[in-house]
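[1] Sequence first, then the predicted structure:
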Amino acid sequence: MQTRFRRAVVKIGSNVLAGDGSGLDPAVMEGLVDQITTLHRSGMEIILVSSGAVASGRSIIRGTRKLDPVSARQLYSSVGQARLINRYCELFDKHGIVCGQVLTTKESLSTRDHYLNQMNCMTVMLENGVIPVINENDTISVTELMFTDNDELSGMVASMMNAECLVILSNVDGIYNGDPASPESEVITEIRRGENLSSYIGTGKSTFGRGGMLTKYRIASKVADEGIEVVIANGKTPGILVSVLGESQAGARCSRFLPSDKPISHVKKWIAHSDGFAKGRIHINEGAMKALTGDTASSLLPVGVVSVEGDFQKGDIVTIISPQGRQIGIGKVSAGSEKAAETAGQKGGRPLIHYDYLYIE
Ligand code: GLU
């Protein structure tokens with residue numbers, strides 16, 4: 001079989017694996033592992049981001065006294081993650097393929113060193129023919145510092161690993177142009193850059209996972225902007241992965257986000273996914289706003305800075321705020337907050353954020 005990509009990230013949602021509340025669905029898992037095996041054998045590198053730990057654990061532990069949400073997440077994920085990875089190991093073993101577990105936290109990606117360390121881990125696995133099976137480590141992650149959901153984690157992984165495609169599998173066929181439950185609604189098959197579909201998308205949350213279609217849409221748009229194709233598809237549809245990632249794309253009912261033809265550098269990709277770690281906010285003026293959002297590559301100069309919020313050091317990540325108060329970008333600063341405040345509005349001097357370390361949303 002021919003495949004369309006060299007490397008892809010596949011995210012499997014809780015609703016695909018454990019959608020009816022009775023724990024992991026063996027037939028669905030087996031079907032997905034069989035398809036990943038086919039793709040792997042065709043020479044494609046697959047990185048799996050799999051949810052389902054909490055849903056699986058919840059189906060096993062019953063009749064406990066009432067738990068607070070953090071304890072519940074820790075308890076269920078500790079039990080469920082063990083089941084989840086065991087099941088993947090058994091299924092891949094049957095095909096003679098080795099998979100390995102990567103449990104991570106948002107904090108483990110917070111600095112460039114942490115980020116490169118995670119990247120190294122997955123690279124060495126792939127180089128040795130091992131399929132990474134990634135999940136957030138819900139037993140130790142601190143609520144305020146967690147990924148919004150595994151959609152966010154999978155976007156980061158796709159970007160970090162220079163994947164050519166990210167497939168987000170959920171229990172719907174894609175993004176609909178109306179209420180998915182209404183017979184008149186249809187799946188939007190192709191989403192181009194700059195198209196805004198948020199008005200079509202309901203704010204409903206997944207029953208068993210943390211995410212919803214709105215976060216999927218946001219992540220998908222961002223990742224496609226970085227030059228990576230993103231597909232949202234139904235993980236329960238037999239053969240879906242092979243048809244989405246295989247060359248023919250036959251019969252794949254899904255929403256496909258067309259990638260930007262101007263892929264961004266690896267450092268910019270890291271910065272694009274780092275806004276959760278921002279240590280401060282830089283307020284800019286109209287002139288800087290025009291320069292940064294225009295067609296030519298521009299750095300943020302001290303003259304474009306109006307004010308500085310937060311306490312940051314040289315090399316930290318900050319967000320960039322427009323004169324209207326909207327976040328328009330993220331960047332790595334070349335000076336700490338004191339110096340940045342001192343030079344704000346002044347002509348000349350080094351850029352506060354160099355173009356190479358700047359990501360405009
Ligand atoms: N890490 C969670 C789990 O394995 C899922 C988070 C999400 O729903 O995206 O259950």
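    Received, thanks. In this text the structure is predicted, and so the values were computed from the model without any measurement. Residues are numbered from 1 along each chain as shown.
[2] quick one, what contacts Ser77?
    53-54, 57, 137-139 (Cβ atoms under 8 Å, 6 or more residues apart in numbering). The way it works is simple: take the backbone N, C-alpha and C, and place the C-beta from them, glycine included.
[3] which of those are close to the ligand?
    Filtering the contacts of Ser77 for neighbours of the ligand using Cβ under 6 Å from any ligand atom leaves 53-54, 138.
[4] Select from those the one having the most neighbours.
    Ala53 (30 neighbours; other Cβ atoms under 10 Å).
[5] Do I have it right that Phe312 meets Val318?
    Yes: counting by Cβ atoms under 8 Å, Phe312 does reach Val318; the two are 6.0 Å apart.
[6] between these two, what contacts are shared?
    In contact with both Phe312 and Val318: 279-280, 333, using Cβ under 8 Å, 6+ apart.
[7] Take these and write them to TSV, including pLDDT.
    Listed next are these as TSV, based on pLDDT from 0 to 100:
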residue	pLDDT
Lys279	92
Gly280	95
Val333	95
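[8] Looking at Phe312 and Val318, which is more packed in?
    Val318 (27 against 21).
[9] which residues touch Ser56?
    17-18, 23-24, 76, 79-81, 83-84.
[10] Between those residues, which sits nearest Glu226?
    Distance to Glu226 across the contacts of Ser56 (Cβ to Cβ) is lowest for Leu17, with 27.4 Å.
[11] That closest one and Ser59 touch, don't they?
    No: Leu17 lies out of contact with Ser59 (Cβ under 8 Å); the separation is 11.0 Å.
[12] between the two, who's got more neighbours?
    Between Leu17 and Ser59, counted using other Cβ under 10 Å, the more crowded position is Leu17 (28 against 19).
[13] Show the residue spans covered by the strands in this structure.
    Applying DSSP state E to the chain gives strands spanning 7-12, 45-50, 99-104, 131-136, 165-170, 190-191, 229-234, 254-257, 280-284, 305-310, 317-321, 327-332, 358-360.
[14] which strands and helices sit next to the fourth one?
    Applying 3 or more Cβ pairs under 8 Å, 6 or more residues apart in numbering; DSSP states H and E, we find strand 131-136 packed against strand 45-50, helix 69-94, strand 99-104, helix 112-127, helix 150-160.
[15] now the fourth one and helix 150-160, what's the angle there?
    Angle, helix 112-127 to helix 150-160, by axes from the mean of the first three to the mean of the last three Cα atoms, to 10 degrees: 80 degrees.
[16] Then the longest one?
    Taking the same axes, to 10 degrees, one finds that helix 69-94 is oriented at 50 degrees with respect to helix 150-160.
[17] starting at the chain centroid, how far to helix 69-94?
    21 Å (Cα atoms, centre = their mean, to the nearest Å).
[18] before we move on, what about stretch 278-295?
    25 Å.
[19] next one: stretch 119-128
    In this view, stretch 119-128 has its centroid 19 Å away from the chain centroid, taken as Cα atoms, centre = their mean.
[20] follow-up on the earlier one: the contacts of Ser77 into CSV, with extra columns for pLDDT?
    CSV is the format used below for these (pLDDT from 0 to 100):
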residue, pLDDT
Ala53, 96
Val54, 94
Gly57, 94
Asn137, 95
Asp138, 93
Thr139, 94
